[in-house]
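Enquirer: could you look at this predicted model? Sequence included:
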Amino acid sequence: MAVRLSRQIFQKVIYRCTANNHSPVFKSFVKATTKRQNVRFSSSGTSVSTLSFNRNKKLWGQLIASGGIFSATFGLVFIRKAECQVDERNNQLLAAIKDGNNREVKRLLKGGVSPNCRHVLGWTALQQAAVNRNLEVVKFLLEVGADPNLGDEFVNVNITSREKRLNTLQVLMAREEDFCDRLNNAANFKDCTALHYAVLVDDRNIVETLLQAGADPTKENALGHTPIMYVRSNTMRDLLQNREKEFQEKKLEREAEERRKYPLENRLKEFIIGQEGAINMVASAIRRKENGWYDEDHPLVFLFLGSSGIGKTELAKQVAKYLHKDIRKGFIRIDMSEYQERHEVAKFIGSPPGYVGHEEGGQLTKKLKECPTAVVLFDEVDKAHPDVLTIMLQLFDEGRLTDGKGNTIECKDAIFIMTSNLASEEIAQHALDLREESKLANKQKSTGVDNTELLEMVTISRNFKDFVVRPILKRNFRRDEFLGRINEIVYFLPFSRSELSKLVTKELEFWAKRAANKHSIELMWDHHVVDVLADGYDVHYGARSIKHEVERQVVTQLAMAHEQQMISKGASIRIVVPNYSDLTKGKNISGMEPNNRVIKLQIKRQGAKEFTDLKFKSSANAFSVNDSFGS
Ligand SMILES: Nc1ncnc2c1ncn2[C@@H]1O[C@H](COP(=O)(O)OP(=O)(O)OP(=O)(O)O)[C@@H](O)[C@H]1O
Ligand SMILES: [Mg+2]
């Protein structure tokens, strides 16, 4: 017996030994030790057993003393540091699957062990059953709720050992012993599903079982490979090809059904207040694309116009979120004010060979290569150098881009959104004028329409677009063909009074949630507070001015009260505008004197019945309502 280990260094050691399965002493040893935790015996022919040394010193002593039964070669294999210790019952389940101990698997699953549990190195129970070709366990795991579409977190021996801070040898041994010893350990297995593994081990029955249970044959692993890319036999290829087609059709049907039930406009409205025209225009264009009613040779190009803080970037983000699950890859944001000089073109698409930064590649090309169907946001496009615009024109026109290394990226399915503040003053003024006109007309006609939201809904006229906005854009971009390639110019309008109320409420709700979660304090407010805070709107800063107003008038007071230990857990705080009704008497709140528009806090401590005013110490300057935003 050769034992090479250093117990001083390692806390726990797992030994591998080869033993004679059929020896009666070995059998009784197995019986005795499997009752203990952390001991696993394989019932497969190779009779590999693993055993925690520290916990079982006595047993090891007995075993070795029984002499000659074990012809064991021990290799020092594994350290389990505290951070790597996983739930013992999960361990038991995974070990039972590996050992083919189906009764134990069922017992553990019935006893509440999660069918989606993972090995400390990242693979799931179902993946382990699939790779070990254990159809019975695969079926049972699926029955009790195992998700067939979970991906493996194990990458390869080197990367995983680095990630888990383990010795590569330990990881190698664990992967081979606990999972499968027939895989290439240098290959990348990240995001491989149980279906990938079933195909890899060429087990048709398991593949069919997984597919019937809803395994997605189009799911890619981290290398972008679907299971079909690993097939070895033609019958398996045919099976997967048919299922891929069926699955794709069903998926499209499901998505279409979902779109019918819950249109994109409604989804976007959950996050974006107002901007109905912009939302409808963008949603319609995306609908045309999703349903195959679009020009397949060109990508979709939008130009978002409007003043600051009004939802241009937010809408682009929400569109990306809707179209891509992985928002990090699916949303590319490029600040075009960084490309004002001619030489900065290289930063955009990468430098040609021989130039500095050639190896780095361009900011846009690098990201587009990762996700050619991304939503790409070109912020402040009017600031870009004309040479950069030339590249963008090529991109919009041909739907492809060639980087500094000469590689071409096809991106006809990408969505390009440019934003600009050009003509924003004119657009804002036009919208305000239209709203005024609409109110006036309503008054004169005495139509009795009482719905302010309806009256505030205005549409930018064709004349205004052609004779005011277009000349401004032409003057700036100096090219008709550039403007000609834009599918839709989308107008963002200043917020109306009712939209401001919604923005304020959304902001107060955000702080109420935070107060509850972080400080266990209930926050409530009078509706007058919403009116007063909406007055803080500055058309130049948009929704940002509302955020700042709420912070300045409400959050500052809360923080001050907190610091002075005036509020404690379990308290309720009401935000009020004192004497509001006495002061307004039907007048517009905007007509009130600034001093009367002060927002105050009232508190009801835990157990108390009434709210009382919060009075700050005279030295404490809790809020400074007279500071104007941005000053
Ligand atoms: N219509 C809106 N509905 C809800 N939140 C909004 C809206 N508009 C802006 N916001 C919020 O205000 C902040 C700024 O918005 P956003 O970044 O979309 O502004 P923008 O129009 O892109 O402005 P800029 O021209 O300065 O880039 C974000 O936190 C966003 O959530
Ligand atoms: Mg923006």
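Expert: Thanks, I have the structure now. Ligands and ions are numbered 1, 2, ... in the order given.

Enquirer: for the stretch 201-350 of the chain, what lies in contact range of ligand 2?
Expert: 312-313 (C-beta under 5 Å from the ion). (Each C-beta comes from the backbone N, C-alpha and C, glycine too.)

Enquirer: what is the neighbour count of whichever residue of the stretch 201-350 of the chain sits closest to ligand 2?
Expert: Ranking the residues of the stretch 201-350 of the chain by distance to ligand 2 (C-beta to the ion) places residue 313 first, at 3.2 Å. Residue 313: 15 surrounding residues under other C-beta atoms under 10 Å.

Enquirer: same question for residue 141.
Expert: 29.

Enquirer: now swap in the one 10 residues further on and tell me
Expert: Close neighbours of residue 151, defined as other C-beta under 10 Å, add up to 20.

Enquirer: sorry, back to before: and the residue of the stretch 201-350 of the chain closest to ligand 2, what does it touch?
Expert: 333, 377, 379, 419 (C-beta atoms under 8 Å, 6 or more residues apart in numbering).

Enquirer: spatially nearest residue to residue 308, not counting backbone neighbours?
Expert: residue 542 (5.5 Å; C-beta to C-beta, 6 or more residues apart in numbering).

Enquirer: for whatever helix or strand residue 304 lives in, which helices and strands make contact with it?
Expert: Remark: residue 304 resides in strand 300-305, with elements defined by DSSP states H and E. On a contact count with 3 or more C-beta pairs under 8 Å, 6 or more residues apart in numbering; DSSP states H and E, strand 300-305 meets helix 276-290, helix 312-323, strand 415-420, strand 488-491.

Enquirer: if we go to 6 Å?
Expert: strand 415-420, strand 488-491 (3 or more C-beta pairs under 6 Å, 6 or more residues apart in numbering; DSSP states H and E).

Enquirer: from those strands, which stretch is densest packed?
Expert: Here the criterion is mean neighbour count by mean count of other C-beta atoms under 10 Å, and of these the winner is strand 415-420, at a mean of 25.

Enquirer: just the helices in the stretch 501-631 of the chain please.
Expert: 527-534, 543-550, 556-563, 580-584 (DSSP state H, counting those that start in this stretch).

Enquirer: so where do the strands sit in this structure?
Expert: 17-18, 39-41, 48-51, 300-305, 331-335, 375-379, 400-402, 408-410, 415-420, 488-491, 522-525, 572-576, 600-604, 612-613 (DSSP state E).

Enquirer: what strands line up against the fourth one, and which way round?
Expert: Using DSSP bridges, the strands paired with strand 300-305 in its sheet are strand 415-420 (parallel), strand 488-491 (parallel).

Enquirer: need the contact partners of it.
Expert: Outside strand 300-305, the residues within contact range by C-beta atoms under 6 Å, 6 or more residues apart in numbering are 285, 312, 396, 415-420, 485-491.

Enquirer: how many residues are close by the nearest residue in space to residue 237 that is not next to it in sequence?
Expert: Excluding its sequence neighbours, the residue lying closest to residue 237 (C-beta to C-beta, 6+ apart) is residue 231, at 4.7 Å. Neighbour count of residue 231, defined by other C-beta under 10 Å: 18.

Enquirer: quick check: residue 231 vs ligand 1, distance?
Expert: Plainly put, residue 231 is 46 Å away from ligand 1 if you go by C-beta to the nearest ligand atom, to the nearest Å.

Enquirer: one more: residue 124?
Expert: 37 Å.

Enquirer: one step back: mean pLDDT lowest for which of the strands of the chain?
Expert: The weakest mean pLDDT among those belongs to strand 17-18, with a mean of 34.

Enquirer: those residues of this structure touching ligand 1, which are they?
Expert: 272-275, 308-314, 419, 421, 542-544 (C-beta under 6 Å from any ligand atom).

Enquirer: what residue ranges in the stretch 251-400 of the chain score low on pLDDT?
Expert: For the stretch 251-400 of the chain, no stretch has pLDDT under 70.
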